[in-house]
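# just need the structure, nothing else, for what follows:
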Amino acid sequence: MPILLTTSPCIGQCQLTPDKARCLGCGRLRGEIKSWKSMAPEQRHDVNLRLLVTQGKKVRKRILREVAKSIDQKAR
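Have a look, this model is predicted:
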């Protein structure tokens, strides 16, 4: 299974829950949003796996589109 890396799973619908714990757009936790750029690839992979299972179609499409691009580039 390829590592599910994306530049960011953000779908541009950023809005935190009332307790400011999670983004209603992409589903990431506040700490994950803040530390995304400094996360290890394995950490991003774990977050993306959780988002694939728990979030809606827009987030899944965003993550899987990036994975498809990565696979295409490696195949060339």
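# every contact and neighbour count from this point should use C-alpha atoms.
OK.
# distance check, Gly31 against Asn48.
Noted for Gly31: a distance of 14 Å to Asn48, by C-alpha to C-alpha, to the nearest Å.
# now the helices for the chain?
30-35, 41-54, 57-75 (DSSP state H).
# more neighbours: Gly31 and Asn48, which one.
Asn48 (25 against 10; other C-alpha atoms under 10 Å).
# is it correct that the more buried one is in contact with Thr7?
No - with contact defined as C-alpha atoms under 8 Å, Asn48 and Thr7 do not form a contacting pair (11.1 Å).
# re the thing from before, got the helices of the chain as a markdown table, with distance to Gly12 and mean pLDDT columns?
Compiled in a markdown table, these are given as follows (distance: least, C-alpha to C-alpha, whole Å; pLDDT from 0 to 100):
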| stretch | distance to Gly12 | mean pLDDT |
| --- | --- | --- |
| helix 30-35 | 13 | 97 |
| helix 41-54 | 15 | 92 |
| helix 57-75 | 10 | 84 |
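# pick the most deeply packed of those.
Mean neighbour count (mean count of other C-alpha atoms under 10 Å) peaks for helix 41-54 among those, with a mean of 16.
# may I have that one as CSV, with CA atoms only?
Only the C-alpha atoms of helix 41-54 are listed here, as CSV (Å, rounded to 0.1, in the frame of the first residue of the first chain):
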residue,chain,number,x,y,z
PRO,A,41,5.4,10.9,6.5
GLU,A,42,4.1,8.1,8.7
GLN,A,43,2.1,10.5,10.9
ARG,A,44,0.5,12.1,7.8
HIS,A,45,-0.3,8.6,6.5
ASP,A,46,-2.0,7.7,9.8
VAL,A,47,-4.1,10.9,9.7
ASN,A,48,-5.1,10.3,6.0
LEU,A,49,-6.1,6.8,6.7
ARG,A,50,-8.4,8.0,9.5
LEU,A,51,-9.8,10.7,7.2
LEU,A,52,-10.5,8.2,4.4
VAL,A,53,-12.6,6.2,6.8
THR,A,54,-14.4,9.0,8.7
